[in-house]
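Q: Need a 3D model of the sequence below.
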Amino acid sequence: MDKKRALLVDDSPYILKTLAAILERHGCLVAGQATNGLEAVRLYRELKPDFVTLDLVMPQMGGIQTLQLLKRIDDKAKVVIVSSIADQSKIVECVRMGAIHYILKPFEEDAVVDMLRHHIFNS
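A: Residues are numbered from 1 along each chain as shown. Model prediction:
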């Protein structure tokens, strides 16, 4: 079985490193990493990953705008929000816009593995 390819988008090097380690441990390939939304959109077009993890608060272009653009480029884009924003209305907004899941930071490895199991490997 081919490994699921991920694009990780976060302005925190620590989060990128931590997520990459978890995903790779659980059978994913990190195809690319971006630190802002502009970079994410460019890399999405280039790499065509199976899914994206996306922070909401980033320089240049935030996660909400990035999510909108990714869904415009590919309405089947699988985008998982990984954010420290626990605001219920933000979570609902992201899901309405097409995010498939929302993981709160700081996250446990189990939360990422559950997301993979339910939304990435079973699709």
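Q: Please count neighbours and contacts with C-alpha atoms only from this point.
A: OK.
Q: quick one, longest helix in this protein?
A: Among the segments of the chain that qualify as a helix by DSSP state H, the longest is helix 13-25.
Q: ok now that helix, how far from the chain's centre?
A: 12 Å (Cα atoms, centre = their mean, to the nearest Å).
Q: now what about it, what contacts it?
A: Here helix 13-25 makes contact (Cα atoms under 8 Å, 6 or more residues apart in numbering) with Leu8, Val9, Asp10, Leu29, Val30, Gln33, Glu109, Val112, Val113.
Q: residues contacting the nearest residue to Gln60 once chain neighbours are set aside?
A: Once flanking residues are discounted, Gln60 sits nearest to Asn36: 6.3 Å by Cα to Cα, 6 or more residues apart in numbering. Contact partners of Asn36, counting by Cα under 8 Å, 6+ apart, are Val9, Asp10, Asp11, Met58, Pro59, Gln60, Met61, Gly62.
Q: The residue nearest the centre of the chain sits in which helix or strand?
A: Centroid-nearest residue in the chain, with Cα atoms, centre = their mean: Thr53, separated by 1.0 Å. Following DSSP states H and E, one finds Thr53 within strand 51-54.
Q: who's in contact with that strand?
A: Against strand 51-54 from outside (Cα under 8 Å, 6+ apart): 4-10, 63, 67, 77-83, 120.
Q: Quick one: list the elements packing against the next helix or strand after the longest helix of the chain.
A: Next in sequence after helix 13-25, counting helices and strands by DSSP H and E, comes strand 28-34. Of the remaining helices and strands, those touching strand 28-34 by 3 or more Cα pairs under 8 Å, 6 or more residues apart in numbering; DSSP states H and E are strand 4-9, helix 13-25, helix 37-47.
Q: Show me what counts as buried in strand 28-34.
A: The neighbour-count check on strand 28-34 (16 or more other Cα atoms under 10 Å) flags Cys28, Leu29, Val30, Ala31, Gly32, Gln33, Ala34 as buried.
Q: Give me the contacts around that strand.
A: Applying Cα under 8 Å, 6+ apart, the set of residues contacting strand 28-34 is 3-11, 16, 20, 23-24, 40, 43, 47, 49.
Q: Quick check on these: which are buried?
A: Buried residues within the contacts of strand 28-34, defined by neighbour count using 16+ other Cα under 10 Å: 4-11, 16, 20, 23, 40, 43, 49.
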